[in-house]
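Chemist: generate a structure from the sequence data that follows.
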Amino acid sequence: MSASHAQRLSETRHRILTLLLSEPQLVDELLGKAAGHTAEQIEENSRYRAALEANIDPLHAADLADILEALPEEERQALWQLVPAVRRGRVLVEASETVWASLTEEMSDRDILRAIEPLDIDDQVWLARYLPRDLTGRLLSSLDPSQRARVLSVVQFARDRVGRIMDFNFLTVRADVTLATVQRFLRQKKAMPEGTDKLFVTDKNNQLLGELMLTDILMNQPEMRVEAIMNARPTTFQLNDKAEDAAGAFERYNLISAAVIDAQGKLIGRVTIEDVVDLVNEENESNIRRMSGISQEEDVFAPVRKAVRKRWAWLAVNLCTAFIASRVIGLFEETISQLVALATLMPIVAGIGGNTGNQTITMIVRALALHQVEPGNFSFLIFRELGVALLNGLFWGGMMGLVTWLMYHNLALGGVMMLAMMMNLLLAALMGVLIPLVMTKMKRDPAVGSSVLITAITDTGGFFIFLGLATIFLRHHPG
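Modeler: Reported below is the predicted structural model:
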């Protein structure tokens, strides 16, 4: 993207957002709430509307989707009214799942089907299945028998499977033809599917025999046969393979596209780098949300009522864990009353433990996602993280113990501070490894709420360790 294009896009985005956010009368008119507007207001709104339409028209669907996601719900609906029906399907493909409901809630089933009609069949089925209403059945009834058969072969697969991210747009050739024939075939096509870097070589029964790179077509003599230069051992995927495994293969082997075959080795579709990038971006956003206990579908501009409904469960968990932590503190009220400095120091112990635990969990969840964690290296991971925590505890605990001694002129309190920090760091490291491993063992997503759990454990454990040691300190070293 050139700097001039980026600048123009930024200016267009700014104009659209400014108009919608600063002109509530325009928003009302676009939403059909213009009753009571004066003739002057109506004329002014017409000028604003024309300006919006002129700014929207040249925008790429991805840029338009980005602007829609940056608007509160009413303004988003107002802008959506100006998006032509023929462009709405492509905008929905580019938009994130968080805004689908707000964009389609006022659309009828017929409107939605009309919007996605211009799309490729794989985009149509993908959207129809995940929009608010299940429109897959109605979409299938509108397809010809060959398309319907292809869709039915993959529609049952879950979102995390290759069958759900593949597309049907690919080119095939026979192994016994020459490169000159292939070149004539490509010239006759006049256009190739996006992301095409290779042709797939099949027999008359659609059995995949290999793949032929476009560069090989150009760099070899036209009289050579395809079978002589094709890659007979291509990287392939099956419909039920995990999509994240496919993404890992694309990264390892620097793939741009790869074939999808059935159990008998027949070519069904392909996965492209575009599909993989979309999947990776979606997974990254999803993991960030889930680690904090936030719903994957929550929209940053959703009404308060919806946001509360999405978040209440993990807030309830947080409340319970906070209550437990407060009860732990309550057990040591007498100790705290005798040495008020404990109240100012104990959040440090809990906070440093939470930070260490989150660092460890992030590393382990990433290792699990990359399939780097195996039963044989569990003990190594635990002892490694404990070793890191021990060294950090000795150094930073020692530093904090020294600061505590200098501030309160109490050597024993400084020693308690050092020991409590070291013990809580060890607890955080141990739990940071065990929590995701145990959740994986239980067939649960290790990213879901992990940060909430580790914070609860390190807070409660930190308070208990620090105040427990302080109680012993007061008993034997009263000051």
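Chemist: mind jotting down where the strands sit in the protein?
Modeler: 172-173, 198-202, 208-213, 236-238, 257-261, 267-272 (DSSP state E).
Chemist: count the neighbours of the closest residue to A369 other than its chain neighbours for me.
Modeler: The spatially closest residue to A369, leaving aside those adjacent along the chain, is E244, at 6.9 Å (Cβ to Cβ, 6 or more residues apart in numbering). Yep, even glycine has a C-beta here, placed from its N, CA and C like the rest. Residues contacting E244 under the criterion other Cβ atoms under 10 Å number 18.
Chemist: quick revisit: reformat the strands of the chain as JSON lines; add distance to Q25.
Modeler: Converted to JSON lines, the strands of the chain look like this (distance: least, Cβ to Cβ, whole Å):
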{"stretch": "strand 172-173", "distance to Q25": "57"}
{"stretch": "strand 198-202", "distance to Q25": "55"}
{"stretch": "strand 208-213", "distance to Q25": "58"}
{"stretch": "strand 236-238", "distance to Q25": "53"}
{"stretch": "strand 257-261", "distance to Q25": "50"}
{"stretch": "strand 267-272", "distance to Q25": "45"}
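Chemist: what's the closest of the ones you listed to E73?
Modeler: Taking Cβ to Cβ as the criterion, E73 comes closest to strand 267-272 out of the strands of the chain, the separation being 33.4 Å.
Chemist: output the strands of the chain as JSON lines; include the columns mean pLDDT.
Modeler: Listed next are the strands of the chain as JSON lines, based on pLDDT from 0 to 100:
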{"stretch": "strand 172-173", "mean pLDDT": "96"}
{"stretch": "strand 198-202", "mean pLDDT": "97"}
{"stretch": "strand 208-213", "mean pLDDT": "97"}
{"stretch": "strand 236-238", "mean pLDDT": "95"}
{"stretch": "strand 257-261", "mean pLDDT": "95"}
{"stretch": "strand 267-272", "mean pLDDT": "93"}
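Chemist: could I get those strands as TSV with distance to I229 and mean neighbour count?
Modeler: Formatted as TSV, the entries for those read as follows, by distance: least, Cβ to Cβ, whole Å; neighbours: other Cβ atoms under 10 Å:
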stretch	distance to I229	mean neighbour count
strand 172-173	12	19
strand 198-202	10	23
strand 208-213	7	20
strand 236-238	19	19
strand 257-261	17	23
strand 267-272	19	23
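Chemist: quick one: closest of those to A95.
Modeler: strand 267-272 (19.8 Å).
Chemist: chain center to the closest one, what's the gap?
Modeler: Averaged C-alpha coordinates place strand 267-272 at 23 Å from its chain's average position (Cα atoms, centre = their mean, to the nearest Å).
Chemist: tell me which strands and helices it is in contact with?
Modeler: Strand 267-272 makes packing contacts with helix 145-154, strand 198-202, strand 257-261 when contacts are defined by 3 or more Cβ pairs under 8 Å, 6 or more residues apart in numbering; DSSP states H and E.
Chemist: now do that strand against strand 198-202, angle only.
Modeler: Strand 267-272 runs at 160 degrees relative to strand 198-202, counting by axes from the mean of the first three to the mean of the last three Cα atoms, to 10 degrees.
Chemist: what does strand 267-272 contact?
Modeler: Around strand 267-272, the neighbours that count as contacts under Cβ atoms under 8 Å, 6 or more residues apart in numbering are 122, 150, 153-154, 162, 165-170, 172, 194-195, 200, 202, 206-208, 237, 239, 246, 250, 256-262.
Chemist: now do 6 Å
Modeler: With Cβ atoms under 6 Å, 6 or more residues apart in numbering as the test, strand 267-272 has contacts from 166-168, 170, 195, 200, 202, 206, 208, 246, 257-262.
Chemist: between it and strand 257-261, how many degrees?
Modeler: Angle, strand 267-272 to strand 257-261, by the same axes, to 10 degrees: 150 degrees.
Chemist: reformat the helices and strands packed on strand 267-272 as JSON lines; add distance to S4.
Modeler: Output for the helices and strands packed on strand 267-272, formatted as JSON lines (distance: least, Cβ to Cβ, whole Å):
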{"stretch": "helix 145-154", "distance to S4": "42"}
{"stretch": "strand 198-202", "distance to S4": "34"}
{"stretch": "strand 257-261", "distance to S4": "32"}
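Chemist: quick one: which of these is nearest V452?
Modeler: Evaluated with Cβ to Cβ, those place helix 145-154 nearest to V452, the distance being 35.9 Å.
Chemist: average model confidence for that closest one?
Modeler: Mean pLDDT, helix 145-154: 73.
Chemist: circling back: closest one to L127 among the strands of the chain?
Modeler: Once those are compared by Cβ to Cβ, strand 267-272 is nearest, at 17.2 Å.
Chemist: got the CA positions of that closest one in PDB?
Modeler: Extracted in PDB, the C-alpha atoms of strand 267-272 (Å, rounded to 0.1, in the frame of the first residue of the first chain):
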ATOM      1  CA  LEU A 267      -9.300 -34.000  -5.000                       C
ATOM      2  CA  ILE A 268     -12.100 -32.100  -3.300                       C
ATOM      3  CA  GLY A 269     -10.800 -28.600  -2.900                       C
ATOM      4  CA  ARG A 270      -7.900 -26.500  -1.800                       C
ATOM      5  CA  VAL A 271      -6.700 -24.400   1.100                       C
ATOM      6  CA  THR A 272      -5.000 -21.100   0.300                       C
END
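Chemist: buried stuff in stretch 404-419?
Modeler: By neighbour count, with 16 or more other Cβ atoms under 10 Å as the criterion, the buried positions of stretch 404-419 are T404, W405, Y408, N410, A412, L413, G414, G415, V416, M417, M418, L419.
Chemist: show me which pair in these is furthest apart.
Modeler: When Cβ to Cβ is used, the two most widely separated members of these are Y408 and L419, lying 15.8 Å apart.
Chemist: indicate which one of the helices and strands packed on strand 267-272 is closest to P58.
Modeler: Of all those, strand 257-261 sits nearest to P58, with 29.9 Å by Cβ to Cβ.
Chemist: show me what that closest one packs onto, helices and strands only.
Modeler: Strand 257-261 is packed against strand 236-238, strand 267-272, with contacts defined by 3 or more Cβ pairs under 6 Å, 6 or more residues apart in numbering; DSSP states H and E.
Chemist: in this protein, what helix or strand scores lowest on average pLDDT?
Modeler: Taking mean pLDDT, DSSP states H and E as the measure, the chain has helix 273-291 as its least confident helix or strand, at a mean of 69.
Chemist: would you quantify the distance from the residue lying closest to L469 once chain neighbours are set aside to D459?
Modeler: In space, and not counting its chain neighbours, L469 is closest to V416: 4.6 Å by Cβ to Cβ, 6+ apart. Per Cβ to Cβ, to the nearest Å, V416 is found 18 Å from D459.
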